[in-house]
Each structure stands twice: as C-alpha cells, then as structure tokens.
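> Need a 3D model of the following:
(chains A and B)
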Amino acid sequence: MPIGVVIFPGTNCDQDTFHVLKEVLEQDVRYVWHAETDLQDLNAVVLPGGFAHGDYLRAGAIARFSPVMDAVRQMAEAGKPVLGICNGFQVLLEAGLLPGAMRRNEGQRFVCQFVHVRVENGDSPFLRACLRGQVLRMPVAHGEGNYYADPETLAGLNASGRILLRYCTPDGTVDPVANPNGSVENIAGICSAAGNVMGLMPHPERCSEMILGSTDGRLLFESVVRSLTERRPL
Amino acid sequence: MATVPESQATLTLEQLRQLAYEWGLTPAEYDRILAGLGRQPTVTEVAMFSVEWCEHCGYPKSRNLLALLPRESPRVRTLVGSDSGGCYVADDLAVLFKVESHNHPSQVEPYQGAATGVGGIIRDIFTCGARPIASGNSLRFGPLEEPHARYLLDGVVRGIGGYGNCIGVPTVCGEVWFHPSYRSNCLVNAMAVGVARADQLISSVAAGPGNPVIYVGARTGRDGIGGCSVLASHEFGEGEEKRPTVQIGDPFTEKSLIEACLEAAASGHVVAMKDMGAAGVTCTTSEMAAAGDVGMRIELQRIPRREAGMEPWEVMMSESQERMLLVGGKESEQELIRIFQKWGLNAVVIGEVTDDGMLTILDHGRTVAHVSAAFLTSPPRYDMPAEEPAYLARTRAFDPASLPEREDYGAVLRQLLASPNIASKRWVWEQYDHTVQTNTVVLPGGDAAVLRLKERPPFGIAITMDGNSRYVYLDPYEGARLAVAEAARNLAAVGAEPAIVTDGLNFGSPDKPDRYWQFREAVRGLADACRALDVAVVSGNVSFYNESPEGPIHPTPIIGMLGVLPDVRCHATVAFNQDRAKILLVGGAADASSLGGSEYLAVTHGVEAGRPPRLDMDCERQVQVAVRRLIRAGLVATAHDCSDGGLAVALTECCIAGGRGAHVRLPHQPNAAALFGEAPSRILIAVEPDQEAAVIAALAEEGAPFALLGEVGGDRLVIEGALDLSVAELETTWESIIPRAMSR
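Residues are numbered from 1 along each chain as shown, chains lettered A, B, ... in the order given. Alright, predicted model coming up:
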C-alpha cells in the first residue's frame, strides 16, 4: 500500500517529499489531490510544506476545509501514520488533529536556516530510528513557526511524552538562543495522544541526502517505513 | 479599412496627439504612426503604440547596441527566445534564465515592486515550458545609515521573500550594495532559472490560423496601467505620486499558474504561450502574432475583469499580474480549460489566430483597434548622441599612491568588514527560502550557488550575479569587462564552467549624451568580455531613466551567469574546514594600481576615484581553468574569489565560514595594496597537506601564477607583519552590521 503525499493548491514541498520517499527510500508513493475523499488505499499520509491556499488569513486556516481533510482524519483515527511537515503541521493544528496553534515568528520575519533539534522521544513511530537525546541537523523555512499551547495542554504534552523535538544548540542544550521562531519550550515537533499523528516545523525531506549537507531527515522517514513494515503497534 | 469606429469619439485630433505625448510617445513617433496607419489612430491604438514602443518593451534606444552581444558560444548550444534564454546541459535537457529590473516600482512601493518583479521573471521562465528551479536578485540602495534606504531594503527583502517563498522557488544567490547614487532610485534586479526537457519547451510564436487564443490566470484590473511606459521609461521627478502605477502581486495564483501552465505544456496542446508582463494584453497579442507572421482577432469583452467599467484602452494597457496568453491547438480548448480550472484559475477563449497579420481588437462587436502586428512591434531605433562624461577627467587623474599609507591594517580590516557593502548579507538571504526543491548544494553567502539537476544526475549548475558599479562609473568599458570576469571567476571558484549570461543593464537617461556614452561603453565591454570567455548572452533587460533630480545612478550592468558542473559532487565552498590545509593564492599579486575604485579607498579615505584594476583576460582564463581543474579532480574543496576588500577580506570570509583561523605570510612586505587591493584574476584555495604537491604540479602545468601563503589552523587570522585578529571577533563585526542597522 502506498504512502500518500497531499497536494493542496499552494503546496510547494510535495515533489521534494515524493522524491525522498520514492527515490531515496524506494517506497511506493502516490500524490493525493486535495479534492480526494477516499484514502483507504493508503498506508500513511504526509502533508508537506508550502502555502496551502496561499495561507491567506492564517497558515492552514483554509486548507483545513479541503475535502481531503475528512479522509486524513479517518486515517488518523484508524491509527495510520499522518505526518505534517511545516505547512502540513500548521494544517494539522488548524484541523484540530494536533493541539496548540502557530503564531508569526517572534522576529516577524521569515526564517530559512539549518537548525538543531533534540529527539525527546525515541519510541515514537516517527523517530524509532533515533535515540532519545540525539541531535539532528535540519533546515527550517517558515514565517509562522512560533508554536503555542496553553500551560495545561503543555503539561499534558510533557507528561505523556508527546513533545518529540525541541530546538537545541549543536551540543543538545535546549536554550532560547537555539530557538529560531520563539516557539514555546523550544518545541519543534509534537504528536497526537495516540502517537500516530506528528507535526514538525523542520523539513526532513530537505536533509535526506548527503549532497544536501545532512541525512538526518532520513531517520524520520525510515522510522515511518520501519513502523509500517514491522507492523508494530503505533 | 479607412477609419476605425472610435469608442472614445469625443477626443479632437489635437487631444489625441496630446494624449500620445502624455503616454510617452514623441511627436516624430506619433507622425510615424499616422503615416503607417494611413489614418488617425483610435485611443486604444495610441495606448497600444505607447506601450509597445516604450523603451521597456520595444528597446528603441538600446536595440542597435545590444546587437553587439554574442548570442552563441562555441562551447554550448544556446537557446534565445523572446522571454528567456538558455542552453542545453545535455542533449535533451535545457536550462533557461533571465534577469529583469523592477527599479522604479520598488522605489515607489518596495514590497509590491519587488514582489511583482519576482513574479514577472518567474513567468518568463515557465512560459517557455520550463520549471523554475531557482532565483536570485541584485539590489542597490542608498547608504544604509539613512532611514529611507533601510525602509526600502526592508520592504524589498520582504517582498522578494513574500513572493518567492510562497511559490516554492528557492532564492539562492544575489548581492546587495549601498551607494548614495541609488538614494532616490534603488535597483531591484530579479533573476530566475528554469529547467526543461527539450521536447517540452514552448515558444511564444503564434501559429495556425483558426487556433484558439486563450487568456488564463488572474483577472484584469486597472493596476499597473502605464507601468512600463510612464513609470519605467521616465526619470523620477520631484514630488510625483506614482504609486497607482505599481502592480500588486498574488503569489498563490502564481504558484497555481506555474503548475497549470506546466501541466498544459506537457499535455501537448499548447502551440505558444507568453507571459502578460509589461503592457499585458497588448504585448502578448502583438508580439506573439508578429513572431509567427500571423494576426489575431480578440474579443475584449471576454477578458475576465476585476472591476467594472474599464475602457478598452485600459484593458489593453493593464499590467495586472499572474496572467498568461496561450495559443492552443485546434479543438484543444476544452482540455486546456479543464487543466486551468482544476487549479482554480480563469481560462477563457478570447479570440483566434488569423492569417492577415493584423491585430483586430473588438469590444462588444465594435472594432477598437485594427493594426498590423509587425508595424506595432517595430518601434523606431535610435542611435542616441553620446559624449564622455566630464567627471572622468578628474577621476582618472587620481593616483591612489598619492594617499598616505594606513598602517594600522587590523583596524582597516575591521573597518572594511563593517562596511555594509562587504558585511555579511545573512540577514537578507535567511529571509528567503533557499532550500526548497531540495537542489541547493552550495547555499547563499559564497561565490556562487550550486544546484544539482535531479533530472540528470550527476550534473549540476552554478549561478551568480555580479556588478561592481563603482568600476563601471570610473570606466564603463573596463568596469563591464571586470563584471563579466568576476562572474565567471565566481563560477570557476565552485568548480563550474561558465556557459551563458543574462544581463541587467541599469543606466540613467539615454536622452542625455553622457549617460548614453556610459551605456555604449559598458555594452562594448560586456560584448568583448563575453566573447573572450566564450559565454553567450542569451537574455537580458535594459532599464534606463534611473535618475532623479539628485542625478543619475552609477551605471550598473548586472551580470547573471550560469555555469555547468558535470559532476555536482565535485564542487568547492569558501570555508576553511580542514586544519593544517595549505593556503594558496592562484593568480598574480595586487599592485598599487589595484586600489583604484576599491572599497578600501571609499571606506578609509572617502575617495571614489582612480581607474579600476587592470584586467588581463589571458591570465583570468588561466586562473579559472586551473582552479576549475583542481576542484573537478577532487584536489581542492575550498576556493574563494578575491574581490571587494581584496585578499584580507577574502581570507577573513574563508576563516569565518570554516570557523577556523589561518596563518599567512605574504611573499612581500604587506601593504595596503597587497592586503586590500582588488586586482582581478585571483582565487584563494586551500589544499590538504598530502595533496599540496599534486596541486602545485597541476598549477604549474596550467601555467597559472600562484603563491603559497600559509596554513589553516587556530582561531586567529594572522598575516605576518600586518595583523593578528580573533576570527570570532571578526565574525561578530561582519555578521552584526546589517542586522543591527535593520533593528534600529
């Protein structure tokens, strides 16, 4: 069964994500147009980065109403892996599949740079190929990556190991200087209560090949693939 | 047809003539139109001639000189189209690129001016059936200390990012330079690069009488009317309000348009396609028809409108963004319309190709224009009077050796690093998405960006933009040659072989003989240098009238250059990233003459004079060939062009990029010229110790001059007898200048 890569009008990382899944990980993969309503043929689905519907109003605010989102919700409920990268993360937040919200970057500017993130939970199906505490080097590129959740939600996320990645210094220290966007508690990635829905701001598809300067992103895709093939409970 | 029914019949002949002048036509041009038509024009026709014959579209004042530029190269098969040009990387894979200015709109409204500049140049790429894979930009502003310059820089950078980031095209290279001559006329030149399979290239040549003419994309509104003829083709006067002539961009529509147009191109149903850039419907219909020696019959009322009550001439002149014109194959309408509608875009058949060579524009059945497409697209050509500018006698007479030697070299280096022209531009390029599309192998901030070509591994391309306008000001011919040489050197320094050039020629008013002389000399220099380096000029843009009551800008030819890497894995960066690596300078030494027109003179002495450094093209070629060979052989992974600020600045940048120090001993007692002189044809390289012998042997074999300078290591930059400074402190200075200024 293939992995789906969703295209909303305005999505712009669909081909990059498709390329890594198909050419680097040699997976069965197909594009999913935002108007599709039946995703039962899919094993997992990725909502890639971009500016879905232009991100006018607020990132992801229009995309959440796309027909495909009901089918994505069903996949999430069925326990299949759903991964939102950057704009995909924003869409998952707007759709209520993940808790919290995204604000404009603290500096009010778009930021594109390589950052370091620390793996906070190596048991996640999305990070199975990593060790807890491992530092990954990945690029970010966004204007609205300043994650926010209220204190109660944050406490819940922390208590249940649902904060998966935090921005850190190259040596793994979670410090405000390593935070590119003002995100609360340096949060770069979280997952759902059941663990099978993940959103992250960094772009793993941009660092999955040596020629691009880092292969750390590949660990994330490999984790998903391993979860699918091992059929381990999510 | 003797007379055309006039839709705006209330104008007298004299009023019509006055209107033509208002829209930028000259009395002689208007008479030429009368003679060509054999009757009085309609208002719509006057509008069409005014945009099609303005410098921005028709190049009447530059065409004759542009003919000097080489369009072919002995080394690559080139493609020269009307919208962009390129070359073949492999038999069935082409890369295309083009640069375009959006100077006046950006000065008036920096965010939208820059954003629509990006949008326009991107459309010039995908209109050819090529997928845009990268963009770059070259920016010029007044001094950074001035609030208005910071306002413009901030708006322009946000505009470029706001548009480019949204459409998913990485902005991978560029340059920013500050000088008082740009105070009231900033420069925003945007470049875009695309890639296409040879069999998917689409031309802009209309063909096939009876074929449908299809309008796609955004609706037409009143924005940008006269943008090219009124705004771009005149200098800034005092206190003018030109904001209404600036267009507004919608990158989301553009992104959908990219995908839809490429899908349409791949469907095989597209005969021809053209971007509605400057002069919109007029430009596309007339130029596509003229190129194919056919006519077009257009039903104006079918064009989707953004606002009610637009006059036919307004529709014909509008520069609303994100619109394209397609000629489809017979009976292809439904399939093409389906593709565009899938992407949520308008797609409407507005007319058909005809065999009479005439552009017939109807509005609700009434003929509002009926004119030969060939005549409309054949503006007069002018050889303008040219005269050497008076200032040159003074600047040439200046001898840099007449100045006292500043011997506090460490302080001078810090001063240079703090000059906004040399300081790190990270603040700029981190606001641009430069990693989307996952092709960016060498990131911004080095000599040239390197991209892999996923379509044809292991091929790659390198792109750069250059143009030191101070040199061009001091000697337009030599300055233009130096710009071409530096662009090529930047490509050599990453391991690429230069192939094609796109030129952005930004000058003052061509109606003033001293400005036109600068233009003529610069074009001559550009042509000669391109021939000497075997690179072809495949596309470009001329922007005149860059002046204000304060005077003209420095003449600024921007050279966009693209080179090819047969194996993208073999490339170099500027970083000193190996301790104990040997540092060599390939190229000759800098003598006192290389301080002419230097940043050193400007920063430490406040002098902008002298002659630009001498360029020996034979030496330039030797140095480039040698360094490229070393990189391709895998012997060298660190290389950096010595340019603004000279050897000392180049060494500093290599140290900062690699987070390492260096210990250097110059062959002669250091002086300002050796440290800060800007002699061309020099590339700094670092070599692992066990490769040193092989590298030296290869350099000797190529006959390229070189000197062993020292070694990488430690955390200080030491130049014996001159300076000894902490790399971390130098980095702080270099990195903080622009962010600090912009947070003010």
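
> Sketch out the low-pLDDT regions of the chain for me.
This is for chain A. A:231-234 (pLDDT under 70).

> Oops, wrong one, chain B.
Those would be B:1-10, B:226-245, if you go by pLDDT under 70 across chain B.

> can you do 50?
Low-confidence segments of chain B (pLDDT under 50): B:1-8, B:238-239.

> Flag every residue of chain B that's near chain A.
B:158, B:161-162, B:165-168, B:250-253, B:255-256, B:343-344, B:429-438, B:440-441, B:443, B:452, B:454, B:568-569 (Cβ under 8 Å from any Cβ of the partner chain). The way it works is simple: take the backbone N, C-alpha and C, and place the C-beta from them, glycine included.

> End to end on stretch A:165-181, go ahead and measure it.
Stretch A:165-181 has an end-to-end distance of 14 Å (criterion: Cα to Cα, to the nearest Å).

> Relative to the whole chain's centre, how far out is that stretch?
18 Å (Cα atoms, centre = their mean, to the nearest Å).

> For the residue most central in space within chain B, grab phi and psi.
The residue lying closest to the centre of chain B (Cα atoms, centre = their mean) is residue B:99, at 3.2 Å. Main-chain torsions, residue B:99, degrees, to the nearest 10: phi -110, psi 150.

> Nearest residue to residue 11 in space, please, no chain neighbours.
Went with chain A since none was named. residue A:50 (3.8 Å; Cβ to Cβ, 6 or more residues apart in numbering or on different chains).

> sorry, should have said chain B
Closest to residue B:11 by Cβ to Cβ, 6+ apart is residue B:43, at 6.5 Å.

> contact partners of stretch A:183-194?
A:76, A:79, A:89, A:97-100, A:115, A:117, A:121, A:124, A:126, A:145-149, A:154, A:157-158, A:160, A:162-168, A:174-176, A:178-179, A:197-202, A:234 (Cβ atoms under 8 Å, 6 or more residues apart in numbering or on different chains).

> distance between that stretch and the chain's centre?
10 Å.

> quick one: terminal-to-terminal distance for it?
So stretch A:183-194: terminal residues 23 Å apart, Cα to Cα.

> how about that stretch: buried residues?
Buried residues in stretch A:183-194, counted by 16 or more other Cβ atoms under 10 Å in any protein chain shown: A:183, A:184, A:186, A:187, A:188, A:189, A:190, A:191, A:192.

> Format those as TSV; extra columns: secondary structure.
Below are the buried residues of stretch A:183-194 laid out as TSV (DSSP: H, G, I helix; E, B strand; the rest coil):
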residue	secondary structure
A:183	coil
A:184	helix
A:186	helix
A:187	strand
A:188	strand
A:189	strand
A:190	strand
A:191	strand
A:192	coil
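
> Can you name the two of those that sit furthest apart?
Using Cβ to Cβ, the buried residues of stretch A:183-194 span at most 20.1 Å, a distance reached by A:186 and A:192.

> which ones among the contacts of stretch A:183-194 are found in strands?
Using DSSP state E, the members of those that fall in strands are A:115, A:117, A:146-148, A:163-168, A:197-200.

> does residue B:614 really touch residue B:591, like I thought?
No - between residue B:614 and residue B:591 there is no contact under Cβ atoms under 8 Å: 9.1 Å.

> Are there residues contacting both of these two? Which ones?
residue B:679.

> Please enumerate the helices of chain A.
A:14-19, A:68-77, A:87-94, A:151-159, A:216-230 (DSSP state H).

> interface residues of chain A facing chain B?
A:9-10, A:12-13, A:15-16, A:19-20, A:49-51, A:53-56, A:109-113, A:139, A:141, A:143, A:203, A:205-206, A:209, A:211-213.

> can you rerun that using 7 Å?
A:9-10, A:12-13, A:16, A:19, A:50-51, A:53-54, A:56, A:109-113, A:139, A:141, A:205-206, A:211-212 (Cβ under 7 Å from any Cβ of the partner chain).

> and residue B:393, how many neighbours?
Close neighbours of residue B:393, defined as other Cβ atoms under 10 Å in any protein chain shown, add up to 9.

> Contacts only, for it.
Under the criterion of Cβ atoms under 7 Å, 6 or more residues apart in numbering or on different chains, residue B:393 has no neighbours.

> and it, what element?
Of the helices and strands defined by DSSP states H and E, residue B:393 is found in helix B:391-397.

> Skip the chain neighbours and tell me the closest residue to residue 27.
No chain in the question, so chain A it is. Nearest one to residue A:27, counting by Cβ to Cβ, 6+ apart, is residue A:21 at 4.7 Å.

> Wait, chain B was what I had in mind.
Counting by Cβ to Cβ, 6+ apart, the residue nearest residue B:27 is residue B:21, at 7.4 Å.

> Tell me if I'm right that residue B:183 and residue B:552 touch.
No - between residue B:183 and residue B:552 there is no contact under Cβ atoms under 7 Å: 11.6 Å.

> ok, residue 84 - how many residues close by?
Picking chain A for this. 28.

> nope, chain B please
29.

> Just want to check the distance between it and chain A.
Distance, residue B:84 to chain A, by Cβ to the nearest Cβ, to the nearest Å: 21 Å.

> just checking, that residue touches residue B:95?
No - contact criterion Cβ under 7 Å: residue B:84 and residue B:95 do not qualify, at 10.1 Å.

> Next, show the common contact partners of the two.
Common neighbours of residue B:84 and residue B:95 (criterion: Cβ under 7 Å, 6+ apart): none identified.

> about what we covered before: confirm for me that the residue nearest to residue A:27 is in contact with residue A:3.
Yes - with contacts counted by Cβ under 7 Å, residue A:21 reaches residue A:3, the gap being 5.7 Å.

> residues touching whatever residue of the stretch 451-600 of chain B ends up closest to chain A, list them.
Closest contact between the stretch 451-600 of chain B and chain A, by Cβ to the nearest Cβ, is at residue B:452 (6.0 Å). By Cβ under 7 Å, 6+ apart, residue B:452 lies in contact with A:211, B:439, B:441, B:460, B:568.

> Report how many residues lie close to the first one.
Look at residue A:211: counted by other Cβ under 10 Å, it has 17 neighbours.

> Check the gap between it and residue B:194 for me.
21 Å (Cβ to Cβ, to the nearest Å).

> ok, back up a step: so among the residues of chain A next to chain B, which ones count as buried?
Applying 16+ other Cβ under 10 Å to the residues of chain A next to chain B flags A:9-10, A:12-13, A:16, A:19, A:50-51, A:53-54, A:109-112, A:139, A:141, A:205-206, A:211-212 as buried.

> Dihedrals phi and psi, residue B:492?
The phi/psi pair for residue B:492 (degrees, to the nearest 10) is phi -60, psi -40.

> picking up where we left off before, how about the helices of chain A in TSV, adding distance to residue B:480?
Shown next, in TSV, are the helices of chain A (distance: least, Cβ to Cβ, whole Å):
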stretch	distance to residue B:480
helix A:14-19	38
helix A:68-77	53
helix A:87-94	43
helix A:151-159	59
helix A:216-230	44
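
> Nearest to residue B:64, out of these?
Between the helices of chain A, helix A:14-19 lies closest to residue B:64; by Cβ to Cβ that is 43.8 Å.
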